[in-house]
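Trainee: Output the structure for:
(chains A, B and C)
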Amino acid sequence: MAVTDTQPTPPPGIAAPAALAKRGRLRWLVVAIPYVWMLLLFLVPFFIVVKISFSTTAIALPPYTPVFDLSGGLSGIWDSVKEFTFDNYVFLTEDSLYWRSYLTSLRIAFVSTVLILIVAYPIAYGMARARKEWRPSLLMLVILPFWTSFLIRVYAWIGILKQEGLLNQFLLWLGVIDKPLVIMSTDWAVYIGIVYSYLPFMILPLYAALEKMDETLLEAAADLGCPPIQAFWKITFPLSLPGVVAGCFLVFIPVVGEFVIPDLLGGSNTIMIGRTLWNEFFNNRDWPVASAVAVILLLILVIPIVYFQNQQQKEAEKAR
Amino acid sequence: MKTILSRVVLSAAMLVGGSVLAMAADKEVHIYNWSDYIDPTILEDFTKQTGIKVVYDVYDSNEMVETKMLAGGSGYDIVVPTDRNMQRLIQAGVFQPLDKSKIPNLQYAWPEIYKRLETYDPGNQYAVNYMWGTTGIGYNKKLIADRMADAPVNSMDMIFKPEVAAKFADCGIYVLDSADDVMPAALNYLGLPPDSKETADLEKAAALIESVRPYIRKFHSSEFIEALANGDACIAFGFSGDILQARDRAAEAKNGVEIAYSIPKEGALLWMDSMVVPKDAPNADAAFAFINYIQTPQVIAKATDYVNYPNGNLESQKYVNPDILKDTSIYPDPTTLSHLYTTTPNDPKVQRVLTRLWTKVKTGS
Amino acid sequence: MAAKAIGPVRRSFAPWNDPNAKPFIEFRNVTKTFGDFTAVDDLSLGIYEREFFALLGPSGCGKTTLMRMVAGFEEPTRGHVLLDGQDLVGIPPYRRPTNMMFQSYALFPHMSVWENIAFGLKQDGMPKADIVARVDEMLTLVKLEQFAKRKPHQLSGGQRQRVALARSLAKKPKVLLLDEPLGALDKKLREETQFELTDLQMRLGMTFLIVTHDQEEAMTVADRIAVMDRGKIIQIATPAEIYEQPNSRYVADFIGDINLLEGRLSSVGAGGAKLECVGTGATVDVAQDVSARVGDQAWFAIRPEKVTISLTPPADPNVNAVSGEVWDIGYLGDVSIYHVRLATGATVKSTITNTTRLVERPITWEDKVWLSWTRDGGVVLTR
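Mentor: Below is the predicted model:
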């Protein structure tokens, strides 16, 4: 500021060169913040994990070798790099456990995402079509569960779903069943827990997409001879697709790596990749293999998403 | 106004100064122990007596401790890992040797227990036993009697014999989700060495568990406590103290559930949780002071009364509640004690085989 | 533009004057209320086949509600809406033989121009080849052939408007409803499109019902205009009648510019009436049958362009004349508006067409001037 103060004030609309350069630098800084964030909190940890995945397990502190010794300088690091091995990745292909865990996780995530979409869509639709003055309250109700700890909410489901739980007592009281249902410790309980926990992540983007939709489009469709149900599939649903895609990503990705819900609500016989990772890390204390499992998991998720986004972009460019 | 204000500022400064003093070396001890594992009054009494503030954190799996220790810089002064995990950590060089001159109460050590502890801590250099116990069978008396009048409640037949286990599948069999605890029991049941590292032996043990897998509702290391206590489970293979805790919870709830614990006649795993001091402990002297305090016979007896586990302090048996001392499911009689086995850590290869077999047992794949 | 060719047809088209003609769209005692608000109040109206009919009025007058009742988006609270003799009440919008062009155009953003136009045809299950032919026909009609593959967001406002028009015409509906169809266009484009619309309507031979708040638009396109106020129709007539013979101060004031001067009737009779005008301070002589009594309150209404302005008193003694002073002049290029302050304090406007280039102005500020008009130049309004 002191520099520009001494200079004659440039006419409005024309910035002095120094001020311009300063603005440029400031803009650069603003643009850089998210990149620095990504670098520090995503890329750096990721490369540490990748590095560990190329190491060998050892009874030491930390429990793998080689460990980068910065005192050795560049040549020391190079010596360490020469010790890197691809064995951990090869190992993952040798035991069917790993790809089966990945597949099970992907399957559970896929089924959950579809279930959540089916449950969330009518809710989001109802919210978007509710009277304007009600919408903030409805939105609040969707967000409200976040005010309670995630773990407590999952524990609450144990109380509902267990043999002597609220659900069974209610159904027995109704006379619908005469013996308590075994829901806890089954995949059903896992799906219920996942659908419940991730529902808001689907509702919010769907609501955002549906709320900005112009309702006269539906009138136009009706006017052109389209009954309401068809109009939903031809107009409403295609226009909400960006919300559907965003919601599915928001749900699918974390569910693939989900650990807590299957651990608390599920049985012992469903092995998801989160559990396999846990076993490698904690039971086998094999950080390198655990890291390799994590790296592959990330690639499985990131590659299709990047591909999908590229396709979207290409399509958008083609249309232009 | 001005004087009041300056007084406030002054006293605030004194408070800050005071707390800085309190934070200075050896006035605080950071303890990392299993959840629900100590009578809180012991901590209060320790602070009253020594002026050392106790910062107490809890965990519920050995893996948590092991991971934190291996990552280093945990900031804890005392941790309480279980035998084999402790041995691995000792091998990794995580702990510092005890300064025995600062722990005179080690004179009351129970030789029987410390002899076993030496398997994991050669020369008893690093560890002071806190509690030990067995892994056995907890059961709901009524649910078992309803289904099988002459149930072999003091035998691993309850779980490992398919004809027997099948009878209890509907009322819920829970098994620890821990290969380290269940596989030795299976090996022992088959007449193989419980500490066997042979892949062939381990595969046989896994096959045994797989044969009763359909009757097991869940493998989990803590859920069985609640499940037993409220009648959702009728059999649990778990740690003695956890099952006795379930017994007490059911009794408190007065829900008609009656839980009992038995040490299988085939023998059972004896495990030991011991106090160790990390190499990088910020307040090692305070740690030794605490270990010495808790090994005071009267104090450790109070701890046993609270958690229902036997401890490794022989002198303390004079002060332990006689009901607990006489309960052979807690303090086993000498014959049973001689049948208890211990296991040693696995090298990474064996561990991997074990984990893999365990996954196979649980998931069928 | 084929305006010349259709001129004679339009001139002779007046089914509303034929007592045997049956209305194509008919509102019978229609009332529509929203809660406490009455949008349409016991309204009856007939619109004839092939007519270009305009509903004109300020926002909230009920014109849009009336149109939406034809489309089926609103149902009347009481009364009936008939189309070609069939009662429309209870028929959902997607089964009505009407199509609507929306004010916002309501183009489907995820569909191309082609798909937008084909939407209604596909909905009818028209054979594919016919759809292709019809969409091409429509694209030609609105001159958008080369834009078929574009998405709506890749078009200009005017192009979008034409897509909306093509889409609503594609099914060749019995009635086309246009809801403020030109409101979003700029003035020049709007004027052009107005003529295109009338041309189109003539060629296609459809019945058009347009809703607008723009009186100029209504005058340009419509065969007849219904001026509405607060759920009621005030006057239905041809644009010329509405302009020249408004039936009320409301209509006179709503359509174009007008001088309204209050007074009392001093004589009424066949072929003429006299009004003691408070505003001008003189008696106004009007060649009009006034159906009111002597002594009743009335207003004299005269368009500014019907008022002649001169520096000398008019020679013809039969014309009405008053004197005043030029208070203000508005130069609009094609015309100039003079605001003349009378001795009574009232202001009267007079419009002069600038037939020659403005080199010198014969009449200027503060000039003493005479305003004059013929006996049939204005009308007496009693309400």
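
Trainee: In the stretch 51-200 of chain C, where is pLDDT below threshold?
Mentor: For the stretch 51-200 of chain C, no stretch has pLDDT under 70.

Trainee: How are the strands of it distributed by residue range?
Mentor: Counting by DSSP state E, counting those that start in this stretch, the segments of the stretch 51-200 of chain C that form strands are C:52-56, C:78-83, C:86-87, C:98-101, C:175-179.

Trainee: So for chain A, which of the ones you listed sits nearest?
Mentor: Chain A sits nearest to strand C:98-101 of all those, at 4.9 Å, using CB to the nearest CB. From N, CA and C alone the C-beta is placed, and that goes for glycine too.

Trainee: What are the phi and psi values at the closest residue to A:A221 other than its chain neighbours?
Mentor: Counting by CB to CB, 6 or more residues apart in numbering or on different chains, the nearest residue to A:A221 once its immediate chain neighbours are dropped is A:A231, at 4.1 Å. Dihedral pair for A:A231: phi -60, psi -30, per degrees, to the nearest 10.

Trainee: Surely A:A231 and A:A222 touch.
Mentor: Yes - A:A231 is within contact range of A:A222, at 6.4 Å (criterion: CB atoms under 8 Å).

Trainee: For the two, indicate the residue with more neighbours.
Mentor: A:A222 (24 against 20; other CB atoms under 10 Å in any protein chain shown).

Trainee: The more buried one belongs to a helix, doesn't it?
Mentor: Yes - when DSSP: H, G, I helix; E, B strand; the rest coil is applied, A:A222 is found to be in a helix.

Trainee: Isn't it up against C:Y94?
Mentor: Yes - with contact defined as CB under 8 Å, A:A222 and C:Y94 form a contacting pair (4.7 Å).

Trainee: residues bridging contact with these two, i.e. touching both?
Mentor: Listed as contacting both A:A222 and C:Y94 by CB atoms under 8 Å, 6 or more residues apart in numbering or on different chains are C:G72.

Trainee: all strands of the stretch 151-300 of chain A, in order?
Mentor: Going by DSSP E, counting those that start in this stretch, the stretch 151-300 of chain A shows no strands.

Trainee: That one against chain B: which residues are in contact?
Mentor: For the stretch 151-300 of chain A, the contact set with chain B under CB under 8 Å from any CB of the partner chain comprises A:162-164, A:185, A:267-271, A:276, A:279-286.

Trainee: Can you get me a residue count around residue 153?
Mentor: No chain specified, so I'll use chain A. Neighbour tally, A:R153, other CB under 10 Å: 14.

Trainee: nope, chain B please
Mentor: Neighbours around B:V153, by other CB under 10 Å: 19.

Trainee: Would you mind listing the residues in contact with it?
Mentor: B:I137, B:Y139, B:I144, B:A260, B:S262.

Trainee: Next one: it from chain C, what distance?
Mentor: According to CB to the nearest CB, to the nearest Å, B:V153 stands 69 Å off from chain C.

Trainee: helix, strand or coil for that residue?
Mentor: Classification of B:V153 using three-state DSSP returns coil.

Trainee: What pLDDT is listed against it?
Mentor: Per-residue confidence (pLDDT) for B:V153: 93.

Trainee: Quick check: the gap between it and B:L143.
Mentor: According to CB to CB, to the nearest Å, B:V153 and B:L143 sit 12 Å apart.

Trainee: In what element of secondary structure is B:M183 found?
Mentor: For B:M183, the enclosing helix or strand under DSSP states H and E is helix B:179-189.

Trainee: same for the next helix or strand after that helix, what does it pack against?
Mentor: Using DSSP H and E, the helix or strand that follows helix B:179-189 towards the C-terminus is helix B:199-212. Contacts defined by 3 or more CB pairs under 8 Å, 6 or more residues apart in numbering or on different chains; DSSP states H and E place helix B:199-212 against helix B:157-160, helix B:162-168, helix B:179-189, helix B:348-363.

Trainee: Perfect, I'm done here.
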